[in-house]
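>>> Okay, here's the prediction I keep looking at, along with the sequence it came from:
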Amino acid sequence: MNKKYWMTGLLALLLAFSAGCGQKPTAAPAETNPETATGEVQTPQDNPGETAADDHKEDDATSVNAGEGASTPPQNTTGQSTGTPVDTKDVNATEDQAKKANIKLYYTDPEIMDLKEASKEITYSGEEDKYKKAFEGLQTSSDAALSPLWSDKITLKSLKFDKGALTLDITKPAEANLGAGGEMFAIDALQKTFFQFDEVQSLELLVDGNQIESLMGHVELEHPMTRK
């Protein structure tokens, strides 16, 4: 009798176990997001900060792309130096050409009896040009009462000024000669004309590059002539 009850209980236990194994397990509920628990669906419009930032990035990218390939505007070079050196010689020459001076020149009367002083304005560029213009002034006169002692037939071949020493080299034809009195006045006129310039300390007169004893054969010529 006990065996029958035991078999019946075992069979019931097996049936209960089989029924439990045949049921499918129920899936665990998904984790609920506290921000969406109310059932609202989050969209990009719900976060305006991120949308604005993204739009700004797209605008920046568009600006960069639009600027690519565009030519760079030329720089304004007004007033900038070209690097070309200025020729100071030309500048100095222009300044020198504007120099003017009133100098004293010496002549004689038509009878060659006395030495006459006159004044003349000259325009020159540089010291040596000033001396050249002074010598040319001794050769001409617009006043009939003033006769040049230095003929315009005399040629000034060269002129040099160095450390206070002025050297004139001339060519003198025979028709430019004067008598003893005229020769003395001519040398005196030459000295007075050039020694009026403070920087001239000595005066050397050459004829065709040579030192000669007398300019016209009457008066001894000093080499060099100096201030008295």
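Good, I have the coordinates. Numbering: from 1, shown residues only.
>>> pLDDT below threshold where in the chain?
Filtered on pLDDT under 70, the chain yields the residue ranges 1-6, 8-9, 12, 14-97.
>>> residue ranges of the helices in it, please?
Here the chain has its helices, by DSSP state H, at 2-22, 48-67, 88-97, 127-139, 180-194.
>>> which secondary structure elements does the last one contact?
Packed against helix 180-194 by the contact rule (3 or more CB pairs under 8 Å, 6 or more residues apart in numbering; DSSP states H and E) you find strand 99-108, strand 115-124, helix 127-139, strand 202-207. The C-beta positions use only the backbone N, C-alpha and C, and glycine is treated the same way.
>>> repeat that with 10 Å
Here helix 180-194 touches strand 99-108, strand 115-124, helix 127-139, strand 165-171, strand 202-207, strand 225-226, going by 3 or more CB pairs under 10 Å, 6 or more residues apart in numbering; DSSP states H and E.
>>> so what's residue 108 up against?
114-116, 141, 145-149, 178, 181-182, 185-186, 188-189 (CB atoms under 10 Å, 6 or more residues apart in numbering).
>>> neighbour-wise, which of those residues leads?
Neighbour counts for the contacts of residue 108, by other CB atoms under 10 Å, peak at residue 186, which reaches 26 neighbours.
>>> I'd say that one and residue 139 touch.
No: proximity of residue 186 to residue 139 does not meet the contact threshold set by CB atoms under 10 Å, at 11.1 Å.
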